[in-house]
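Asker: return atomic coordinates for the entry below.
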Amino acid sequence: MKLFGLSAALICAVPLSALAQDVTIKMGHAASSKHIFQTGLEMFAEKVAEKTGGSVAVEVFGDRQLGDDKQLLEGLQIGLIDGALVSTATLPLVLNATAFDALQLPFVAGSYQSVSDVLTSDLGDELLATLDDKSIKGVGFIEAGLRHFLTTGDAIGSTSQFAGLKTRIVPIPLHKATWEAIGVNPIGMAYGEVYSALETGTIDAVEINVSSVESESLYDAGKNLTLTGHYFWPGAIMLAQATWDKLSDEQKAAVEEAGRETTAEAYALAASQEDETIAKLESQGVTVTKLGDLDVMQGATAQVVTDWSGKDPLIGRIVDALKAGN
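Answerer: So this is what the prediction gives:
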């Protein structure tokens, strides 16, 4: 009896956070299950399982099974959804997490490696920490790829040809300012509506990464792809605060380590797949064109970069770091 009482007392003296328990985290994303976001989250799941000795399991749900980006973010905040990978472009819109605008400023980042280096640094951790007061824990990033321009009409060979094209954008002020500066007619629209909008002519074009053109079969309607590489498209790996609180300190450290490793490997994967995916699109009848006057497009958007860099000190610091890595 004395030994039993001593054991019970010792257990009670140990903080609950230190007592590892089996936890299953269901994580959703809004892309196709054939998309690189799915591959990246599966990579993250494997690392979490390995680093926690199997005590934390991550189950991945693609194809908008748990909702689109907005629904996923709202579900995270109230603890209805365990975890999610959401395009960072939507975080300022839904969460008012303005510092994430730094990752979609046009022509600031010059390579996958430069973005990866920043996001795996202390600066990347600082950016993720801006989610803490949103009841969300950010643990890493997965890259969907450079953004280009897909149109149902003629090939775009010069910046002047963008004028007036009804173009789907993520409906945030940054993207509206960027694309208005280029001259298109920007139309805010949910990602899941893009295929039908291209098919019916509701929109003429979409700025998008080639991984999504392939995985969502957008090449059925959009047959001309112009390579502009105007910005990258990270997704943030996030857990609901309620889910994070279920983990022991050791599990938390392991999940954060898995997130950092996933970020670096996901960027390397996205870089390695870019040319291969473009070749696949060409095999589907897509004509690929390089913008002949990319410097004109860059000049048209330069003021947007200047304006947004001053909106938040963290944006300015990230912009400086990205430019330094080019």
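
Asker: so the closest residue to residue 29 other than its chain neighbours bridges to which residues?
Answerer: In this structure, residue 29 finds its nearest non-sequential neighbour in residue 85, 4.2 Å apart by C-beta to C-beta, 6 or more residues apart in numbering. For glycine as for every other residue, the C-beta is placed from the backbone atoms N, C-alpha and C. The partner list for residue 85 in beta bridges (DSSP bridges) reads residue 29, residue 237.

Asker: run a quick neighbour tally on residue 85.
Answerer: By other C-beta atoms under 10 Å, the residues close to residue 85 number 27.

Asker: thought it was touching residue 233?
Answerer: No: here residue 85 does not reach residue 233: they are 11.8 Å apart, not a contact under C-beta atoms under 8 Å.

Asker: returning to what we had before: from residue 92, how far out is the residue nearest to residue 29?
Answerer: Separation of residue 85 from residue 92 (C-beta to C-beta, to the nearest Å): 17 Å.

Asker: cool, residue 199 as well?
Answerer: 29 Å.

Asker: who's more crowded, those two?
Answerer: Using other C-beta under 10 Å as the criterion, residue 199 and residue 92 rank with residue 92 on top: 21 against 14.

Asker: can you pull out the residues in contact with the strand or helix carrying the more buried one?
Answerer: Residue 92 is located in helix 91-95, with elements delineated by DSSP states H and E. For helix 91-95, contacts defined as C-beta atoms under 8 Å, 6 or more residues apart in numbering pick out 69-70, 73-74, 77, 97-98, 100-101, 131, 134, 136, 170-174, 236.

Asker: separate out the buried members of the residues you listed.
Answerer: 69, 73, 77, 97-98, 100-101, 131, 134, 136, 170, 172, 174, 236 (16 or more other C-beta atoms under 10 Å).

Asker: outline the domain layout of this protein.
Answerer: 22-144+233-275, 147-232+276-324 (automatic domain parsing).

Asker: now do the end-to-end distance for the longest one.
Answerer: Terminal residues of domain 22-144+233-275 are spaced 41 Å apart (C-alpha to C-alpha, to the nearest Å).

Asker: dump the domains of the chain to JSON lines, plus mean pLDDT.
Answerer: Shown next, in JSON lines, are these (pLDDT from 0 to 100):
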{"stretch": "domain 22-144+233-275", "mean pLDDT": "96"}
{"stretch": "domain 147-232+276-324", "mean pLDDT": "96"}
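
Asker: tell me which of those domains is the most buried.
Answerer: domain 22-144+233-275 (a mean of 21; mean count of other C-beta atoms under 10 Å).

Asker: show me what the closest residue to residue 151 other than its chain neighbours is bridged to.
Answerer: Leaving aside its chain neighbours, residue 151 sits nearest to residue 205 (4.0 Å; criterion: C-beta to C-beta, 6+ apart). Note on residue 205: beta-bridge partners by DSSP bridges are residue 151, residue 167.

Asker: OK, contacts around residue 205?
Answerer: Contacts of residue 205 by C-beta under 8 Å, 6+ apart are 149-153, 165-168, 184, 222.

Asker: mind listing what the spatially closest residue to residue 28 that is not a sequence neighbour touches?
Answerer: Leaving aside its chain neighbours, residue 28 sits nearest to residue 66 (3.0 Å; criterion: C-beta to C-beta, 6+ apart). The contact partners of residue 66, by C-beta under 8 Å, 6+ apart, come to 26, 28, 72, 75, 81, 84.

Asker: Three-state assignment for residue 140, please.
Answerer: Residue 140 falls in the strand class when you classify it by DSSP: H, G, I helix; E, B strand; the rest coil.

Asker: wouldn't it be in contact with residue 262 here?
Answerer: Yes: the pair residue 140 and residue 262 qualifies as a contact (C-beta under 8 Å) at a distance of 5.1 Å.
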